[in-house]
Every structure is written in structure tokens, then in C-alpha cells.
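Chemist: Mind folding the following:
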Amino acid sequence: MKFNTKVIHGGQHHEAVTGAVNVPLFLTSTFAQKSPGEHSGYEYSRAANPTRQALEDALASIENGARGLAFGSGLAAIDCVLKLLNPGDEVIACDDLYGGSYRMFVRLFEKYQLKFHFVNMENTENITEKITAKTKLIWLETPTNPLMKLIDIKAVCQAVSGKGILVAVDNTFASPYLQNPLDLGADIVMHSATKYIGGHSDIIAGALIAKTPELGEQLHFIQFASGAILGPHDSYLALRGIKTLAIRMQRHSENGLKVAEFLQNHPMIKEVIYPGLSNHPQHELAKSQMRNGFGGMVTFTFRSGKKEDAIKFLENLKVFTLAESLGGVESLANHPALMTHASIPAEKRAEIGITDDLVRLSVGIEDIEDLLTDIDNALKA
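Modeler: Numbering: from 1, shown residues only. Purely as a prediction, here's the structure:
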């Protein structure tokens, strides 16, 4: 089954009793049993709910995994992965990653004696030189947030093969339409399903997709025991979002490339970071690892290097909305140092290149001429 068909039919079935084409909302906390322990496969909605199950089956289908799990947020999904580990275990993570992930790693899990190494994963050797007998997890984003670095998933997986180390990939920026990390050797894929999976900025949700049934069962037990599930209504909305994922990502990618090209040729802009540009240092990796385009995320800096220019630009946008998050049908603009990545210490941001004049755009699916005009007017201001 091809991807455009999978997003509509993958893992999905008509409702058995009525034949309903869409999965119904099962707004129930518990399920009747014929006899103690004898049930239809559903006992209590924290363990499983038919609406959430439909979403989880769809997630597994579009990421080519054995099992999908839906959570109350992307961070809840990450929390579940880290609970696979034990005190004393070590994690190697990319140095450029979502601020909430960094905050969770450092401020929550370090006190439980997990050790984190943050490295530039553009070079796989930076990972291998940190590996010890205690390394149990490699955590990576590609493209990274917000600097749009690419990490060679296949090379990382080959480097740790046979060493008992899990590889988990935050695939939020790319979405399953552009990239399938499990096919490249990863063990776990994570999504902030708030973003491109949901696609309409109306839910908070997270997802994990496991490569094997055994790993999926381990993750499900942690989810069941911890309780960080997605409710049926948000599951319904996320499943509806998946049905239009392919067509939305086509437009996000088309618009993203045109915005990047426009900014690249503007005299006020110093650097544009977008994997689809030929001058991106990992453009060839992007072409080999991604497909169907390069997404809607564009990052850029100002030739002046001034924070004030970035702020004034953001304040003068009219079609783009100044807001956190990304991946919705509407275009959003963000100042990472003051917004999404403010939880990362200033010295750490400076070290990895998150400067005060850096702007991150989530390019939506509006008419491209309106988006380019909006950017041009805001720059003139």
C-alpha cells in the first residue's frame, strides 16, 4: 500500500457493528465483561480504547512499525522512552534539539542518575567516541530544532548495531510523509503529534512507534502504568489529521522551498537554513534520507546580527502568526531564544548557534504569494 493510501486506509477498518466509515468516539472509561476476566479485548480505557487504538494502528502503518502508542503530549512520549532506562545508564543526544527535550533530560532525569551527553551528530564519529558500556540510548532529531541540521540515521544505527543500544528518532519536523526512521534502522520513532500529524493546531498529542512487537509491549506497559494516554476525542482529531497528512505536507514543502529561496536572495538576510537548498551542507543527505520534499520549516538570521531586527520583523508579520509550535495549516513564526528554546541556558544556545537574531518559520499551506508579500513587508518595516 502506497503512503497516500496508507494515511486513509492503513490499519483502519469500518466499525464492526454499524459499518461506520469513520471510527466512532468511544467516550467510555470502562467496558462490560461477560464474566470476570472475560472481555472483548477492552477492559479500561487507560489500557486501551477503540478510538485511540485506531489512531495507534494508523501511526504504526504510516511509520512502518510494529506498534503505535498515542500520548497526551510529545513530552509524555519522550518520558515513556526514558523510563526504559535504569539509574547509571547513559544517553547520547544531539546538541541541537527541542528545548523541552533538553529541559526534561537535564532537569528531570539527571537526578535519577541518568547521564546525558550532548554532541553534534552531523559527524557520526562524535557519537561513537562517547559510547561506553553504560550507553543504552541514542536520541536524535533530524532535521534538528531549530538549526535544521541533518543526522545520518542509517549511519548512526550501523555504528551501534549489536551493542544493545536503542536508537530513537524525533521525526516531528519531517513527518512520516518525508522520512521513515524505522526503515533506516531506528528502534523507536517519536512525534509531537500536536504538529504535522494533527496538522490543525487544535490538539496536544504525542506518539511513539516501535520497530518490534516486543519493544512496543515494553513501551505500552510503561504507558499503562504511568497513565500518560491520549483521550478519545483528541485521538479522533489526530486520526482525522493523518488522513490529510500527505496532501498537506506536499504544500508545506512547496511553500517552504519558495520561502527559503526568497529569503536567500534578500539583502537583509545573512543565512537561510533549509535542507532543500543546494547550499545546505547536508543537502545530499537530505535527498537520500528524505523523500517527496524537505518540509515546511525554515530558519534564518539577519545580516545585522541584531536581536532587535528579529523582534521587529516578527512584530510586523500579518499573515504569519507569532506563536510557539509548528506544523499547522497556518504559518507560524517563532523566536527560539525567547520562546521555544528559552529553557536552554544562554551559554549553551550560543555554543550551538541559536543566536538572538535567529528566526524560525513554520510555513503553512496558504497562497505562497501572500506569504512572500507578508515576509517582504515585515522586512521592510
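Chemist: separation between the residue lying closest to residue 20 once chain neighbours are set aside and residue 345?
Modeler: The spatially closest residue to residue 20, leaving aside those adjacent along the chain, is residue 14, at 6.5 Å (Cβ to Cβ, 6 or more residues apart in numbering). Backbone N, C-alpha and C define where each C-beta goes, glycine included. Noted for residue 14: a distance of 52 Å to residue 345, by Cβ to Cβ, to the nearest Å.
Chemist: buried ones in stretch 106-121?
Modeler: When neighbours are counted by 16 or more other Cβ atoms under 10 Å, the buried residues of stretch 106-121 are found to be 106, 109, 114-119, 121.
Chemist: what are the C-alpha coordinates of that stretch, in CSV please?
Modeler: Taking Å, rounded to 0.1, in the frame of the first residue of the first chain, the C-alpha atoms of stretch 106-121 are listed here in CSV:
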residue,chain,number,x,y,z
VAL,A,106,18.7,17.7,32.4
ARG,A,107,16.2,19.0,35.0
LEU,A,108,14.1,15.8,35.5
PHE,A,109,16.1,12.7,34.6
GLU,A,110,19.6,13.6,35.6
LYS,A,111,18.5,13.5,39.3
TYR,A,112,17.5,9.9,38.7
GLN,A,113,21.2,9.2,37.8
LEU,A,114,20.8,9.1,34.0
LYS,A,115,23.8,10.7,32.3
PHE,A,116,23.3,12.7,29.1
HIS,A,117,26.0,13.6,26.5
PHE,A,118,25.0,16.3,24.0
VAL,A,119,27.0,16.1,20.8
ASN,A,120,27.0,17.5,17.3
MET,A,121,25.6,14.4,15.4
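Chemist: looking only at pLDDT, what's the mean for it?
Modeler: When pLDDT is averaged over stretch 106-121, the result is 97.
Chemist: who's in contact with it?
Modeler: Residues lying outside stretch 106-121 but in contact with it, judged by Cβ atoms under 8 Å, 6 or more residues apart in numbering, are 82, 85, 87-97, 102, 105, 126-127, 130, 134, 140, 149, 151, 156, 352.
Chemist: Kindly recompute the last result at 7 Å.
Modeler: Contacting residues not belonging to stretch 106-121 are listed as 82, 85, 87-95, 105, 126-127, 130, 140, 151 [Cβ atoms under 7 Å, 6 or more residues apart in numbering].
Chemist: again with stretch 227-240
Modeler: Applying Cβ under 7 Å, 6+ apart, the external contacts of stretch 227-240 come out as 23, 25-27, 46, 49, 51-52, 54-55, 58, 70-72, 76, 79-80, 193, 197-198, 202-203, 205, 223.
Chemist: next one: that stretch to chain centre, how far?
Modeler: The chain centroid and the centroid of stretch 227-240 are separated by 17 Å under Cα atoms, centre = their mean, to the nearest Å.
Chemist: same check, this time on stretch 46-58
Modeler: From the chain centre to the centre of stretch 46-58 is a distance of 20 Å (Cα atoms, centre = their mean).
Chemist: Would you mind putting the CA coordinates of that stretch into CSV?
Modeler: Taking Å, rounded to 0.1, in the frame of the first residue of the first chain, the C-alpha atoms of stretch 46-58 are listed here in CSV:
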residue,chain,number,x,y,z
ARG,A,46,-6.2,3.6,30.2
ALA,A,47,-5.1,0.3,28.9
ALA,A,48,-6.9,0.5,25.5
ASN,A,49,-9.7,2.5,23.9
PRO,A,50,-11.1,1.7,20.5
THR,A,51,-10.7,5.3,19.2
ARG,A,52,-7.1,5.6,20.5
GLN,A,53,-6.4,2.1,19.1
ALA,A,54,-7.5,3.1,15.6
LEU,A,55,-5.1,6.1,15.8
GLU,A,56,-2.3,3.9,17.1
ASP,A,57,-2.8,1.4,14.3
ALA,A,58,-2.7,4.2,11.8
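Chemist: So which bits of that stretch are buried?
Modeler: 46, 48-58.
Chemist: Tell me the one among the residues you listed nearest to residue 336.
Modeler: Out of these, the one with the shortest distance to residue 336 is residue 55. That distance is 29.8 Å, counting by Cβ to Cβ.
Chemist: can you pull the contacts of the closest residue to residue 245 other than its chain neighbours?
Modeler: Take residue 245 and drop its neighbours on the chain: the residue closest to it by Cβ to Cβ, 6+ apart is residue 7, 5.0 Å away. The neighbourhood of residue 7, defined by Cβ under 7 Å, 6+ apart, consists of 62, 242-243, 245-246.
Chemist: taking the mean pLDDT, what do you get for the longest helix anywhere in the chain?
Modeler: Taking residue count as the measure and DSSP state H as the definition, the longest helix of the chain comes out as helix 245-264. Helix 245-264 shows a mean pLDDT of 98.
Chemist: Report the distance from the helix or strand just after it to the chain centre.
Modeler: Going down the chain from helix 245-264, the next helix or strand is strand 269-273, by DSSP states H and E. A distance of 23 Å separates the C-alpha centroid of strand 269-273 from that of its chain, computed with Cα atoms, centre = their mean.
Chemist: Check which residues of strand 269-273 are buried.
Modeler: Buried-residue list, strand 269-273, by 16+ other Cβ under 10 Å: 269, 271-273.
Chemist: do you know how far the residue nearest to residue 20 is from residue 241?
Modeler: Taken as Cβ to Cβ, the span from residue 14 to residue 241 is 20 Å.
Chemist: quick one: which of these two has more around it?
Modeler: Set side by side, residue 14 and residue 241 show more neighbours around residue 241, with 26 against 11, by other Cβ atoms under 10 Å.
Chemist: quick one: that one and residue 197 touch, right?
Modeler: Yes: shown here, residue 241 and residue 197 form a contact pair, counting by Cβ atoms under 7 Å, at 5.8 Å.
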